[in-house]
Structure formats: C-alpha cells, structure tokens
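>>> how would this look folded up:
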Amino acid sequence: MREIAPRLHHWTAPHPAHDPDGEPGSAADWPAEVGCTLYDAPDAAVFIDPLVPDAMWPELDALVGGRTVFVLTTIRWHGRSRDAVLSRYDGTRIRSDAPMPAGVEALVFQDFGETMFWLPGPSALVPGDRLIGDGAGGVRTCPQSWLDAGTVEGLRTALRPLLELPVEHILCSHWEPVVGDGHAALRRALDQV
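Predicted structure coming up:
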C-alpha cells in the first residue's frame, strides 16, 4: 500500500479474473494487478473499488480503526471485495446517485457506464475503466473494445469537463496511478486524436 497524499492510500492486488492471454487492444487487455483506493475522508473511511488480499486485512484494520466505512464502485465490473469490506466493517455501499460522504464528489458519466470520484482534499481523481494508465506515467482513455456504447472520441468529449478540476493525482484502476501533475496528464489524454 502506498500513501499518495496525506490520508489517501492506493494499492494493487492480483485480480482473479485476469486473462494472461488477453488479445492486445481487447476488453481482456489489462494487467493482472488492479488498483484500489482508501480515502480517510473527514467523517469516514471510504473504499473505492477495493480488492483485498487476505494478508492485507490487518493493515486496513489499523487504518480504518472504528470509523464509519463507505464503499464506492466506479463501474459495474469492479465489485471485487466490496461485499467482504462491507461485512468486515459493517459498512455502507453508496450508489452514485446518492449523497456522498463529506470530501467525496461523484462524477457520473452515464452514457459510458461509469462514475468517477473526485476527492477535493487531496486533489485526486479516481476513475474506473474509462481513464487508465498509459504505461509511461500518464493516462489514456480506454480502448474502443472496452466501451459497451459510444466511441472513444465521444468519451473524450464527455470527459473534457474534468479539465476544470485542479487534478493533482489520478488513481487508475488499470496500470500505474499518476502521482503529481495529474492535470497535465489528463489534458494530454483528452487532447489525443
């Protein structure tokens, strides 16, 4: 687990459904390790797309303490360890159309089936599958094969309002997160043709 900023943690865990033979550019083309986020919000511990290996529970227990726990999901595929976290901490699952915990904003991209979460305190954006790491320290939009509807160009257009946010970090679910200078990385991703 890595502390990206004060009270903001990111880790990766091996996903059991990973296909090591996924065709490049296909919907199965993603690394075995997926990213997960824990934000120590003002009034609660907020998990976003958690996937928790058994050996990690003690570390999470220490971070959560006796705090209220909420679990958020960016996209339908990212249920992962959501139910285990809810059960272990007697937590609450929050849907994207419900009020968010203090310090968390839901950014719903309904046409693309995703909710990204904006954490203003640490200036962090947490996407699911629509923005992914580019393997070179930046981000990119997902490939066309990952979209159920719409086009990558349409996705870029839909995501352009994100440029109004002072993004410092982008905690990707796939490939490496962007730590620092997130706004420039986001602009490069959305300006690609």
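>>> what count of nearby residues applies to residue 184?
Using other CB atoms under 10 Å, residue 184 has 12 other residues around it. Bear in mind the C-beta positions are built from the backbone N, C-alpha and C, glycine included.
>>> tell me which stretches of the protein form strands.
For the chain, the strands defined by DSSP state E cover 2-5, 8-14, 33-40, 45-48, 69-72, 92-93, 105-109, 114-119, 124-126, 131-133, 139-141, 169-170, 178-179.
>>> which stretch among those strands comes nearest residue 80?
Residue 80 lies closest to strand 33-40 among these, at 7.4 Å (CB to CB).
>>> buried residues, the closest one. List them.
Within strand 33-40, the residues scored as buried using 16 or more other CB atoms under 10 Å are 33, 34, 35, 36, 37, 38, 39, 40.
>>> what sits against the fourth one?
Applying CB atoms under 8 Å, 6 or more residues apart in numbering to residue 36 gives the contacts 10, 11, 12, 13, 47, 48, 49, 50, 51, 52, 80, 173.
>>> let's see that with 7 Å instead.
Each residue near residue 36 by CB atoms under 7 Å, 6 or more residues apart in numbering is listed here: 11, 13, 49, 50, 51.
>>> and for residue 104?
Residue 104 makes contact with 41, 46, 117, 119, according to CB under 7 Å, 6+ apart.
>>> mind checking how far residue 39 is from residue 190?
Note on residue 39: its distance to residue 190, by CB to CB, to the nearest Å, is 24 Å.
>>> how far off centre is stretch 170-177?
A distance of 7 Å separates the centroid of the chain from that of stretch 170-177, by CA atoms, centre = their mean, to the nearest Å.
>>> repeat for stretch 131-143
Between the centre of stretch 131-143 and the centre of its chain there are 13 Å (CA atoms, centre = their mean).
>>> now the end-to-end length of that stretch.
Using CA to CA, to the nearest Å, one end of stretch 131-143 lies 10 Å from the other.
>>> got the contact list for that stretch?
25, 129-130, 152, 155-156, 170, 172, 174-178, 185-186, 188-189.
>>> and what of stretch 86-94?
Stretch 86-94 is contacted from outside by 64, 69, 70, 71, 72, 82, 85, 100, using CB under 7 Å, 6+ apart.
>>> turn the residues you listed into JSON lines, including neighbour count.
Supplementary listing: these in JSON lines, determined by neighbours: other CB atoms under 10 Å:
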{"residue": "64", "neighbour count": "20"}
{"residue": "69", "neighbour count": "21"}
{"residue": "70", "neighbour count": "23"}
{"residue": "71", "neighbour count": "23"}
{"residue": "72", "neighbour count": "25"}
{"residue": "82", "neighbour count": "19"}
{"residue": "85", "neighbour count": "24"}
{"residue": "100", "neighbour count": "16"}
